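J.: Pasting the sequence and the predicted model now:
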Amino acid sequence: DHPMFLLSCCCPHVALSQIMARTRLSTNGGHIINTTKQKWIRTAILLSTAYLTMNILLVCGIVMSPTMVSKIFSAVIFGLLNMVIIFSHCHVAIRTRRAIRMSYNIPQQCCDGCEDLMVSICCGPCSIAQMMCHTADYNTYRAVWFSETGLPDHVEPATAATPSV
């Protein structure tokens, strides 16, 4: 009944946007000073839907293309699109993880200097689930599937200490 696990595995863009909204982080990992609500969840759902639709269309294009040249062209576009999405998602996940670690004064355990990179790339869903647990009290508040912060609307996001960088 807990959406955290499924969101981090099946909809990591949505889960990451909820973490960013509840910690008031921008896509580059900086803290948002303006307290107006950012609409990360809508953007994440829109981008995920567009990404899925484009992948379906490109796979159909590869399968249904009459010539080998058009199949290769569709496959190259498919590969490039996926690389851009994966790299941008990893970049945002790394920056978000680093900002949370700095905000809560969490030291790196291993891979000094590149732990955020290694954890985000090698086990992205685990990293996202860990950030979700760290930035919300699921013992007190139930998780919400597709809300702005992943928490009920009446719950105000906790404000962590701004990192001293």
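T.: Alright, I've got the coordinates.

J.: roughly how far out does the helix-or-strand element of the chain with minimal mean pLDDT sit from the chain middle?
T.: Counting by mean pLDDT, DSSP states H and E, the chain has its least confident helix or strand at helix 40-64, which shows a mean of 80. Computed by CA atoms, centre = their mean, to the nearest Å, the chain-centroid distance of helix 40-64 equals 16 Å.

J.: Stretch 51-68 too?
T.: Centre-to-centre, stretch 51-68 and its host chain are 26 Å apart (CA atoms, centre = their mean).

J.: now for the least confident helix or strand of the chain, which elements pack on it?
T.: Helices and strands touching helix 40-64, by 3 or more CB pairs under 8 Å, 6 or more residues apart in numbering; DSSP states H and E, are helix 12-23, helix 68-103. The C-beta positions use only the backbone N, C-alpha and C, and glycine is treated the same way.

J.: What is the longest one packed up against?
T.: When you say that, I think you mean helix 68-103. Using 3+ CB pairs under 8 Å, 6+ apart: helix 68-103 touches helix 12-23, helix 40-64, helix 115-122, helix 124-134.

J.: can you give me the angle it makes with helix 12-23?
T.: Angle of helix 68-103 versus helix 12-23, following axes from the mean of the first three to the mean of the last three CA atoms, to 10 degrees, is 30 degrees.

J.: avg pLDDT for helix 68-103?
T.: What helix 68-103 shows for mean pLDDT is 89.

J.: That helix to helix 124-134, inter-axis angle?
T.: 30 degrees.

J.: relative to helix 40-64, how tilted is helix 68-103?
T.: Angle, helix 68-103 to helix 40-64, by the same axes, to 10 degrees: 160 degrees.

J.: again, but for the shortest one
T.: Taking the same axes, to 10 degrees, one finds that helix 12-23 is oriented at 170 degrees with respect to helix 40-64.
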